[in-house]
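**Q** the sequence and its predicted three-dimensional model are supplied below.
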Amino acid sequence: MLNPILGLACLLLTAASLLVGPADLDLASSIAGLFAGGDAAAMIIMQEIRLPRALLALTIGISLGLAGAVLQGLLRNPLAEPGLIGVTSSASFGAVAIFYTGLAGASLYALPAGALAGAAVSVLLLLAIAARNGATLTLILAGVALTSLTGALTSLVLNLSPNPFASYEIIFWLLGSLRDRSMSHVWLALPLMALGWVLLGASARALDALSLGEEAASSLGIRLSATRLLVVLGTALSVGAGTAVAGAIGFIGLVVPHLVRPFTDRLPSSLLVPSALGGGALLLAADIAARIVVPTRELNVGVLTALIGAPFFLWLVVRARRELF
Amino acid sequence: MLAARNLSVSLSGRPILHDVSLSLQPGEVVGLLGPNGAGKSTLMRSLSGLIPFSGTIELDGRNLAAMSDRERAREIAFLPQARAIAWPLSVENVVRLARSPWRGFGALSQKDLAIVSDAMEAMDVAALADRPVTELSGGEQARVLAARAMAQTTPVLLADEPVSGLDPAHQMTMTGAFRRLAGERRAILVSLHDLTLAARWCDRLVVMAQGRIVAEGKPADIMTSERLREVFGITAHIAHDECGMIFAPTGLAANS
């Protein structure tokens, strides 16, 4: 019952996202523009501005929700989220470095490529550390250290940035936004995200067994090192690709699994599809809100998710502390 | 059936097990005794193939180290001492996890579900089937996890202190259930600290100290007052009745 409802919510919110924007298109011309009819302006607005935006909101939301649910299952910790293992901040730093070198203007792909390179380097580092010392706690601590380091490097770049305008551009990008993205961004990110989803989904059975702890899971035939590899690579691909095209968008991966968990039987595997769909729906809703809450100026969706997500999460913790453990 | 030869284990460069050899036969319950830090849990972990070891472990003549994780999980079940369950799963869902080494991609079969419900009956947790396991008492959780290990239906079951924290009646429930498993030709190794329970429950006892096996045999043959003094550092009153031995510790041994 939960999955059809969330799926329907994703569909409706995608449609709503296509209908919202500064250009005053009515419903008929929106639909006509989307399916290659009507006048040229409506077609460009629908197919090249609103469609990629809606698709990115949906797929990045799916990535964040799914990765959040999988990481909470792997780490057996309800506070885990995709940002925790350092992927988001490394990707951000990769993009910021591209800004700083001025390559961002050279090609549409320079920025996402930098972010993906950042995510890839962080994953290779994490895997190297995990190979030496396989404990899951090591993975978390390495992720925290990596997050601090890349955060510091990002600050360093801001510090060294040649002019205020460059800093402004960097900060604006770090806030996360889906504005002015094109179908090229979709084609760049979607295959990587989809591959990440497959890897994350493949860990489902292992996550269930991990509910009993690492020793019991191993005795049930789960290879922990293989599971960690799946999860780290899957998170890096899906969340790294999302960050590469939209900047850092926080809290979705943390909050969504909590929202859907009470409606499931609490097995980590039962949580994956609802979290993915819930993440898609939530980011679509947040991106719509970012466009309409302040009529004169569009907000960055990353700011909005943090503004709503953080207090909401605090409320969740206070209300249902027992539920967390 | 399960035979370990010259097993040595080092953790972080520190030797924990020295040259341990042990075999388990189908149909027997073997008790593993020894003071804290004697290496009982480490022995069980290595017998379950969870930690690297030197020496050989064979299962019906097949090398344990060469088996895949899934194959191994169909042969040896391990009930760890730690009773951590991460999420408020229902009791039934916890026990169902035992079937993961056996199941394909689809849902659990009727046979799997029957095994799960039998194991819950055997451990007296069937009435709790729908309760979130995190809301249960420690003893109830212990029984749920024991049912999980039973439902794995492996020829070998290794249980690390399964009865600690259980009330007397449920200690009897669990020992009875394990005895019935042994009656089905399974081999069971349990570690425990209750000497009287060990002597009455187990067919054979293995006593460990400082990473080595120091005695092995029938309870009456090896559980002498000298051994209690040397290995456990206690003096004890030892009595015999028609059901077996009774140990009542009276104090610390002078030379310990």
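**A** In hand now; what should we look at?

**Q** need the residues of the stretch 101-250 of chain B near chain A, please.
**A** B:101, B:132, B:134, B:145, B:148, B:152 (Cβ under 8 Å from any Cβ of the partner chain). Just so you know, the C-beta spots here come from the backbone N, C-alpha and C atoms, and that holds for glycine as well.

**Q** adding secondary structure and neighbour count, write those residues out as TSV.
**A** Below are those laid out as TSV (DSSP: H, G, I helix; E, B strand; the rest coil; neighbours: other Cβ atoms under 10 Å in any protein chain shown):
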residue	secondary structure	neighbour count
B:P101	coil	22
B:P132	strand	19
B:T134	helix	15
B:L145	helix	27
B:R148	helix	28
B:Q152	coil	26
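
**Q** do a quick rundown of the helices in the stretch 101-250 of chain A.
**A** A:110-132, A:136-160, A:164-174, A:183-201, A:204-210, A:214-219, A:224-246 (DSSP state H, counting those that start in this stretch).

**Q** within range of chain B, give me the residues from the stretch 51-200 of chain A.
**A** Counting by Cβ under 8 Å from any Cβ, the stretch 51-200 of chain A sits next to chain B at A:R76.

**Q** next up, the contacts around the closest residue to chain B within chain A.
**A** In chain A, no residue comes nearer to chain B than A:G221, which is 3.1 Å away by Cβ to the nearest Cβ. A:G221 sits next to B:68-74, B:100-101 when contact means Cβ atoms under 8 Å, 6 or more residues apart in numbering or on different chains.

**Q** from those residues, which is closest to chain A?
**A** B:A73 (3.1 Å).

**Q** and the closest one, what is it in contact with?
**A** Going by Cβ under 8 Å, 6+ apart, B:A73 touches A:219-221, B:100-101, B:152, B:154.

**Q** which ones are touching A:A246?
**A** A:56, A:60, A:176-178, A:181, A:301-302.

**Q** rerun at 6 Å
**A** A:60, A:176, A:178 (Cβ atoms under 6 Å, 6 or more residues apart in numbering or on different chains).

**Q** after the helix or strand where A:L259 lies, next one along is what?
**A** Using DSSP states H and E, A:L259 maps to helix A:252-260. Beyond helix A:252-260 on the C-terminal side, the first helix or strand identified by DSSP H and E is helix A:268-292.

**Q** who does that next one touch, helix- and strand-wise?
**A** Secondary-structure packing of helix A:268-292 (3 or more Cβ pairs under 6 Å, 6 or more residues apart in numbering or on different chains; DSSP states H and E): helix A:2-19, helix A:51-75, helix A:204-210, helix A:252-260, helix A:301-319.

**Q** now with 10 Å?
**A** Counting contacts by 3 or more Cβ pairs under 10 Å, 6 or more residues apart in numbering or on different chains; DSSP states H and E, helix A:268-292 packs against helix A:2-19, helix A:51-75, helix A:183-201, helix A:204-210, helix A:224-246, helix A:252-260, helix A:301-319.

**Q** how about JSON lines for the helices of the stretch 101-250 of chain A, with mean pLDDT added?
**A** As requested, the helices of the stretch 101-250 of chain A are exported to JSON lines (pLDDT from 0 to 100):
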{"stretch": "helix A:110-132", "mean pLDDT": "83"}
{"stretch": "helix A:136-160", "mean pLDDT": "88"}
{"stretch": "helix A:164-174", "mean pLDDT": "83"}
{"stretch": "helix A:183-201", "mean pLDDT": "95"}
{"stretch": "helix A:204-210", "mean pLDDT": "95"}
{"stretch": "helix A:214-219", "mean pLDDT": "93"}
{"stretch": "helix A:224-246", "mean pLDDT": "90"}
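
**Q** where along chain B do the helices fall?
**A** With helices called from DSSP state H, chain B shows them at B:40-47, B:69-73, B:91-96, B:110-122, B:138-150, B:168-183, B:195-201, B:219-222, B:225-227.

**Q** now the ones you listed as JSON lines including distance to A:G73 and mean pLDDT?
**A** Formatted as JSON lines, the helices of chain B follow (distance: least, Cβ to Cβ, whole Å; pLDDT from 0 to 100):
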{"stretch": "helix B:40-47", "distance to A:G73": "23", "mean pLDDT": "96"}
{"stretch": "helix B:69-73", "distance to A:G73": "19", "mean pLDDT": "95"}
{"stretch": "helix B:91-96", "distance to A:G73": "14", "mean pLDDT": "97"}
{"stretch": "helix B:110-122", "distance to A:G73": "22", "mean pLDDT": "96"}
{"stretch": "helix B:138-150", "distance to A:G73": "18", "mean pLDDT": "95"}
{"stretch": "helix B:168-183", "distance to A:G73": "30", "mean pLDDT": "94"}
{"stretch": "helix B:195-201", "distance to A:G73": "37", "mean pLDDT": "93"}
{"stretch": "helix B:219-222", "distance to A:G73": "44", "mean pLDDT": "92"}
{"stretch": "helix B:225-227", "distance to A:G73": "47", "mean pLDDT": "93"}
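
**Q** nearest to A:A189, of those helices?
**A** Across these, A:A189 has its closest neighbour in helix B:69-73 (34.4 Å, Cβ to Cβ).

**Q** in the stretch 151-256 of chain B, what residue is nearest chain A?
**A** Residue nearest to chain A within the stretch 151-256 of chain B: B:Q152 (7.3 Å; Cβ to the nearest Cβ).

**Q** surely A:L283 and A:I308 touch.
**A** No. Counting by Cβ atoms under 10 Å, A:L283 stays clear of A:I308, with 11.7 Å between them.

**Q** of these two, who's got more company?
**A** A:L283 (31 against 16; other Cβ atoms under 10 Å in any protein chain shown).

**Q** from A:V255, how far off is the more buried one?
**A** Distance of A:L283 to A:V255, given as Cβ to Cβ, to the nearest Å: 11 Å.

**Q** now the common contact residues for these two.
**A** With contacts defined as Cβ atoms under 10 Å, 6 or more residues apart in numbering or on different chains, the residues shared by A:L283 and A:V255 are A:64-65, A:305.

**Q** so A:A67 sits against A:T235, correct?
**A** Yes. A:A67 lies in contact with A:T235 (Cβ under 10 Å); the separation is 4.6 Å.

**Q** before we move on, the earlier item: which one, of the helices of the stretch 101-250 of chain A, ends up nearest to A:L84?
**A** Nearest of the helices of the stretch 101-250 of chain A (Cβ to Cβ): helix A:136-160, 5.3 Å.
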